[in-house]
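Peer 1: no sequence on this one, just coordinates:
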């Protein structure tokens, strides 16, 4: 199969895990069970078929460096699980700052000075690099920046994968734009391999399927990387809370008290994320049932394997000439897809799409 040419917007911890993962699994055997990777070969594409061709960031210490080096520059703190990466021949380019940087994050992100560095024309770079797919890794709350990159992808003629909780693939206006451009779009808000949202969904689904009435639930998340530092500003969290909450409540046919979302930033945790899930319900005879779960993961590697699958599935959509939202891919891999279904159904849809049994 042909290579998959990938551009990245935002060279943070998630990008670090993705880039490392592609190299880490480059020699994975298709017959082996590979931890963290559901599909070694997906629709004819191996992990090693992914090639990074462009990268954009605002950190002055990352700009100008090869992508293989930039992913380890502070404040990135994703675990280093590849001892050494080859030079990828991809220089990180200065991106427009826009709202990707909250006022409280300028120092942490080490934002470049516009007097010294000028941002590039992103759409032009995407065209010149012949990117097939642009992956959006902007910080939570990047409303303008996400739409800027989505538009740049359309202008450059490449597909768009929206990994953050700003609504593009699930927004009617942007759906129409990508359909008219003849390009696929997947999103919104990546759902990690074993993350807080998918675990919470499974617990809630079990309650509903076994006839237990849910009375209340919460999900509290803490972490220590710049993602959590960025989310200390509540006004940047509106779409994040919507995305995570709807991912859980959409499975329940009635209303109940719920609180879901990031709750605190603890610097010494680094890229480690700790999640506390509580569900209270009533079973036979209105007797109480309570579940408490604690989940601890390194946040960025937890999502990278899913993004690798989405990149390859999106390339398959490009190969087939599919335009607009990838319904099955998004339902499987994202918290706020255009169509929300139970995870087993979404998994079935995803596999059928790869096999060519579903159009989208």
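Peer 2: That came through, no problem. As the structure is a prediction and not an experimental result, all values here were calculated from the model. Numbering: from 1, shown residues only.

Peer 1: Report the outermost residue of this structure with respect to its centre.
Peer 2: Distance from the centre of the chain peaks at residue 285, with 41.9 Å (C-alpha atoms, centre = their mean).

Peer 1: quick one: it is in a helix?
Peer 2: Yes. According to DSSP: H, G, I helix; E, B strand; the rest coil, residue 285 belongs to a helix.

Peer 1: Report the buried residues of stretch 173-180.
Peer 2: By 16 or more other C-beta atoms under 10 Å, the buried positions in stretch 173-180 come out as 174, 175, 177, 178. In short, each C-beta sits where N, CA and C put it, glycine included.

Peer 1: Max pairwise distance over those residues: which two?
Peer 2: Within the buried residues of stretch 173-180, two members stand farthest from each other by C-beta to C-beta: 175 and 177, at 7.3 Å.

Peer 1: What segments of the stretch 51-200 of the chain are strands?
Peer 2: For the stretch 51-200 of the chain, the strands defined by DSSP state E, counting those that start in this stretch occupy 92-94, 133-136, 159-162, 184-186.

Peer 1: who does the second one pair up with?
Peer 2: Sheet partners assigned to strand 133-136 using DSSP bridges are listed as strand 4-9 (parallel), strand 159-162 (parallel).

Peer 1: go on, the first one?
Peer 2: In the sheet containing strand 92-94, its partner strands are strand 50-57 (parallel), by DSSP bridges.

Peer 1: which residues sit against the partner strand?
Peer 2: Under the contact criterion C-beta atoms under 8 Å, 6 or more residues apart in numbering, strand 50-57 has outside partners 3-12, 15, 19, 22, 63, 67, 70, 88, 90-95, 120, 122, 125-126, 129-131, 308, 311-312.

Peer 1: among the strands paired with strand 133-136, which is nearest residue 188?
Peer 2: The nearest among these, by C-beta to C-beta, is strand 159-162 at 4.9 Å.

Peer 1: Who are the contact partners of residue 13?
Peer 2: Residues in contact with residue 13 (C-beta under 8 Å, 6+ apart) are 76, 77, 78, 225, 226, 227, 271, 299, 300.

Peer 1: Give the buried subset of those as a ChimeraX selection command.
Peer 2: In ChimeraX, a selection of the buried entries from the contacts of residue 13 looks like this (16+ other C-beta under 10 Å):
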select :76,77,78,225,226,227,271,299,300
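
Peer 1: Filter the contacts of residue 13 down to the ones in helices?
Peer 2: Members of these lying in helices (criterion: DSSP state H): 226, 227, 299, 300.

Peer 1: In this structure the last one contacts residue 16, no?
Peer 2: Yes. Contact criterion C-beta atoms under 8 Å: residue 300 and residue 16 qualify, at 6.3 Å.

Peer 1: intersection of neighbour lists for these two?
Peer 2: residue 78.

Peer 1: where do the strands sit along the stretch 251-360 of the chain?
Peer 2: Per DSSP E, counting those that start in this stretch, the stretch 251-360 of the chain carries strands over the ranges 258-265, 272-282, 288-298, 324-325.

Peer 1: can you give me the helices in the protein?
Peer 2: 13-24, 67-70, 106-109, 122-128, 143-156, 172-181, 196-209, 226-230, 238-249, 299-320, 327-333, 343-354.

Peer 1: Turn the ones you listed into a markdown table, including mean pLDDT and distance to residue 162.
Peer 2: Shown next, in a markdown table, are these (pLDDT from 0 to 100; distance: least, C-beta to C-beta, whole Å):
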| stretch | mean pLDDT | distance to residue 162 |
| --- | --- | --- |
| helix 13-24 | 97 | 12 |
| helix 67-70 | 98 | 20 |
| helix 106-109 | 94 | 20 |
| helix 122-128 | 98 | 15 |
| helix 143-156 | 98 | 7 |
| helix 172-181 | 98 | 9 |
| helix 196-209 | 96 | 16 |
| helix 226-230 | 95 | 16 |
| helix 238-249 | 93 | 11 |
| helix 299-320 | 96 | 10 |
| helix 327-333 | 97 | 9 |
| helix 343-354 | 96 | 17 |
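
Peer 1: now for these, which one comes closest to residue 291?
Peer 2: helix 196-209 (6.0 Å).

Peer 1: Just want the angle from the closest one to strand 288-298.
Peer 2: 160 degrees (axes from the mean of the first three to the mean of the last three C-alpha atoms, to 10 degrees).

Peer 1: what's in contact with helix 196-209?
Peer 2: So helix 196-209 is in contact with 191-192, 213-214, 217, 219, 221, 244, 247-248, 251-253, 260, 273, 275, 277, 279, 281, 289, 291, 293, 295, 335, 342-343, going by C-beta under 8 Å, 6+ apart.

Peer 1: Same check on stretch 264-277?
Peer 2: Residues external to stretch 264-277 that are found in contact with it (C-beta under 8 Å, 6+ apart): 13, 77-79, 195-196, 199-200, 203, 217-225, 228-229, 231-232, 291-300, 302.

Peer 1: in it, what counts as buried?
Peer 2: By 16+ other C-beta under 10 Å, the buried positions in stretch 264-277 come out as 265, 269, 270, 271, 272, 273, 274, 275, 277.
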